[in-house]
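Asks: model the structure of this input:
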Amino acid sequence: MDAFSVLQQPRLSIDRVINLEFQELVECGVCHGIILDPVGCYNCDRAVCSACIHQLNAHREESICPYGCTTYTERSCPKAIAHILSSLNIICQYKSNGCDAILSYNNIINHEKDCDYQLWSCIGCQQLITKKNFQEHNNQCPLISLICDECSSSFQRKDTNSHTLIDCLHIQLQNKYLK
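Replies: This next block holds a predicted model:
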């Protein structure tokens, strides 16, 4: 394993691409995933993820190329590589949660930012819930903290019935005399 491959996990793994051709041209030489936000090396005309190359060279006096060039000089992604990338069809990373979307390279990142199948953590029970079911769960979770509009006391939803009118009035009176 070379020193470049341990810098970060790929943000877009190769196994998610359903029509992969020319893997050697679209695989990042640092993270070994599909190149995201591609930039090229002026010397070898190969591409790499912008984030990967900047992380790789962040603390070096002289930038190095992950493909073995003597120096790395950044340029825009070569048009041929950009064209190959744009032709890729990619499975959504949330497939295991139920998403069946297959999108183009140019649309996958925006889709995944808003995908209804990403997991969100409930602030009450800490359970992971898909985004599309989160609001319903949040409205019913017994461990969610609620605040009484009248007395400002906090309690869990499951304890709503134990927060009686008498308790509420008692707390309001205590708050009034403590001010």
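Asks: chain neighbours aside, what residue packs nearest to His111?
Replies: Spatial nearest neighbour of His111, chain neighbours left out: Leu103 (5.2 Å); criterion: C-beta to C-beta, 6 or more residues apart in numbering. Bear in mind the C-beta positions are built from the backbone N, C-alpha and C, glycine included.
Asks: dump the residue contacts of the closest residue to Leu85 other than its chain neighbours.
Replies: Leaving aside its chain neighbours, Leu85 sits nearest to Tyr105 (5.0 Å; criterion: C-beta to C-beta, 6+ apart). Going by C-beta atoms under 8 Å, 6 or more residues apart in numbering, Tyr105 touches 34, 85-90.
Asks: list the buried residues of the longest helix along the chain.
Replies: Secondary structure of the chain read by DSSP state H shows that its longest helix is helix 165-178. For helix 165-178, a neighbour-count test (16 or more other C-beta atoms under 10 Å) marks 168, 171 as buried.
Asks: phi, psi for the residue most central in space within the chain please.
Replies: In the chain, the centroid-proximal residue (C-alpha atoms, centre = their mean) is Lys113; its distance is 6.8 Å. Note on Lys113: its backbone torsions stand at phi -60, psi -30 [degrees, to the nearest 10].
Asks: against Arg60, how distant is it?
Replies: Counting by C-beta to C-beta, to the nearest Å, the gap from Lys113 to Arg60 is 32 Å.
Asks: thank you kindly, that will do.
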